[in-house]
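Participant: what follows is a predicted structure for the sequence shown.
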Amino acid sequence: MATNLAVMQPSESPKEKKGSGGQEAIDRLATPELVIALCGPLGSPLHEVASVFSKQLQHEYDYKSIRIIRLSDIIRELSNLPADTSIKKLIESGNQLRADKGNEILAAAAIEKISAARETLNEPQASQQPPLESNRVLRRLQFLRE
């Protein structure tokens, strides 16, 4: 199976870059992990694509820890829905979450999951990702709005 996966190296390290303002702030926040977001229309094989990426990163590029974060799982968690919830109900619940909490709620929740994964990678005996803390996400959203 052919892939279109490419590993890009920065042309210069963040410490070597000149400039001020936004770029320096971005450089200070740089992390060694790779975050890939997949988005596609209903029915597209995103689970399979994520699986291929995961396998390629593990076997070809020696990544040790790969987490797949699905917004549908976040919607289930924030809306207290069971695992076998229909796609239609997930769409309705996602729309309701955005209406109630703001359009950025799912992105903020995904960022929270990424942050939690970072923390567990640094813990010697971390066996699983901690649960999403909805109130913490909402506090961060409020902070970002101010």
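Facilitator: Perfect, thanks for sending it.
Participant: alpha carbons of the longest helix belonging to the chain, as PDB, please.
Facilitator: Counting by DSSP state H, the longest helix found in the chain is helix 105-121. Coordinates of each C-alpha in helix 105-121 appear next as PDB, following Å, rounded to 0.1, in the frame of the first residue of the first chain:
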ATOM      1  CA  ILE A 105     -16.100  23.500  22.600                       C
ATOM      2  CA  LEU A 106     -15.000  20.400  20.700                       C
ATOM      3  CA  ALA A 107     -11.700  21.800  19.600                       C
ATOM      4  CA  ALA A 108     -11.000  22.900  23.200                       C
ATOM      5  CA  ALA A 109     -11.900  19.500  24.500                       C
ATOM      6  CA  ALA A 110      -9.600  17.800  21.900                       C
ATOM      7  CA  ILE A 111      -6.800  20.200  23.000                       C
ATOM      8  CA  GLU A 112      -7.500  19.200  26.600                       C
ATOM      9  CA  LYS A 113      -7.100  15.500  25.600                       C
ATOM     10  CA  ILE A 114      -3.800  16.300  23.900                       C
ATOM     11  CA  SER A 115      -2.600  18.100  27.100                       C
ATOM     12  CA  ALA A 116      -3.700  15.200  29.300                       C
ATOM     13  CA  ALA A 117      -1.800  12.800  27.000                       C
ATOM     14  CA  ARG A 118       1.300  14.900  27.300                       C
ATOM     15  CA  GLU A 119       1.100  14.800  31.100                       C
ATOM     16  CA  THR A 120       0.600  11.000  31.200                       C
ATOM     17  CA  LEU A 121       3.600  10.500  28.900                       C
END
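Participant: that one packs against which elements?
Facilitator: In terms of contacts (3 or more CB pairs under 8 Å, 6 or more residues apart in numbering; DSSP states H and E), helix 105-121 is packed against helix 71-79, helix 87-101, helix 134-145. Every residue, glycine included, has its C-beta placed from N, CA and C.
Participant: and this structure, split by domain according to the record?
Facilitator: 9-68, 70-146 (automatic domain parsing).
Participant: weakest of the ones you listed by average pLDDT?
Facilitator: For those, mean pLDDT drops lowest on domain 9-68, to a mean of 74.
Participant: neighbours around residue 117, how many?
Facilitator: Here the number of neighbours of residue 117 (other CB atoms under 10 Å) works out to 18.
Participant: what's the answer for residue 38, then?
Facilitator: 12.
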